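Trainee: sharing a sequence plus its predicted fold:
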Amino acid sequence: QVQLVESGGGLVQAGGSLRLSCAASGSIFSINAMGWYRQAPGKQRELVAAITSGGSTNYADSVKGRFTISRDNAKNTVYLQMNSLKPEDTAVYYCAADVLVFNSGSYYHYWGQGTQVTVSS
């Protein structure tokens with residue numbers, strides 16, 4: 001199977017920065033898209049940013065110009081650099097990946113366990 005493990009969340013003041021990391025491990029042949037989602041209390045989970053294996057990126061309008069997604073294909077790791085954080089960025093952040101599993105011939109979508117990001121005003 002495949003596991004995604006996130007790290008880097010925490011408490012930060014408004015205007016500050018955090019860097020999230022998510023490492024994938026297990027029966028991985030290759031990874032297509034990787035991304036970050038977030039879910040605030042009482043709200044639906046939403047896409048924050050995504051990146052393809054070739055490096056093409058996509059961002060939610062609310063984070064454009066402040067967040068940067070990147071990945072290290074050799075390490076099966078995706079990062080989210082978050083700058084100029086705002087209280088409304090407070091949420092649980094989840095990473096996700098579309099993984100081609102060894103000996104399966106199919107891509108499967110996996111989620112990390114989530115990491116809390118809290119931005120104080």
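Mentor: Now that the structure is in, tell me what you want to look at.
Trainee: show me the strands in the protein, by range?
Mentor: Along the chain, counting by DSSP state E, strands occupy 2-7, 10-13, 18-26, 28-39, 46-51, 57-59, 67-72, 77-82, 91-101, 107-111, 115-120.
Trainee: export these to a markdown table and append columns for mean pLDDT and mean neighbour count.
Mentor: Quick note: C-beta positions are derived from backbone N, CA and C, even for glycine. Shown next, in a markdown table, are the strands of the chain (pLDDT from 0 to 100; neighbours: other Cβ atoms under 10 Å):
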| stretch | mean pLDDT | mean neighbour count |
| --- | --- | --- |
| strand 2-7 | 96 | 16 |
| strand 10-13 | 98 | 13 |
| strand 18-26 | 98 | 18 |
| strand 28-39 | 97 | 19 |
| strand 46-51 | 98 | 19 |
| strand 57-59 | 98 | 15 |
| strand 67-72 | 98 | 18 |
| strand 77-82 | 98 | 22 |
| strand 91-101 | 97 | 21 |
| strand 107-111 | 96 | 14 |
| strand 115-120 | 98 | 17 |
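Trainee: and the residue located most distally from the centre of the chain, what's its pLDDT?
Mentor: Within the chain, the residue lying farthest from the chain centre (Cα atoms, centre = their mean) is Asn103, at 26.1 Å. On the pLDDT scale, Asn103 is placed at 89.
Trainee: list the contacts of it.
Mentor: Contacts for Asn103 (Cβ atoms under 8 Å, 6 or more residues apart in numbering) come out as Ser27.
Trainee: what does the one 3 residues further on give?
Mentor: For Ser106, the set of contacting residues under the criterion of Cβ under 8 Å, 6+ apart consists of Leu100.
Trainee: what's the answer for the one 4 residues further on, then?
Mentor: Contacts here follow Cβ under 8 Å, 6+ apart; on that basis Tyr110 touches 2-4, 24, 96-97, 99.
Trainee: mind redoing it with 10 Å?
Mentor: With contact taken as Cβ atoms under 10 Å, 6 or more residues apart in numbering, Tyr110 is in contact with 1-4, 24, 26, 28, 31, 34, 95-99, 101.
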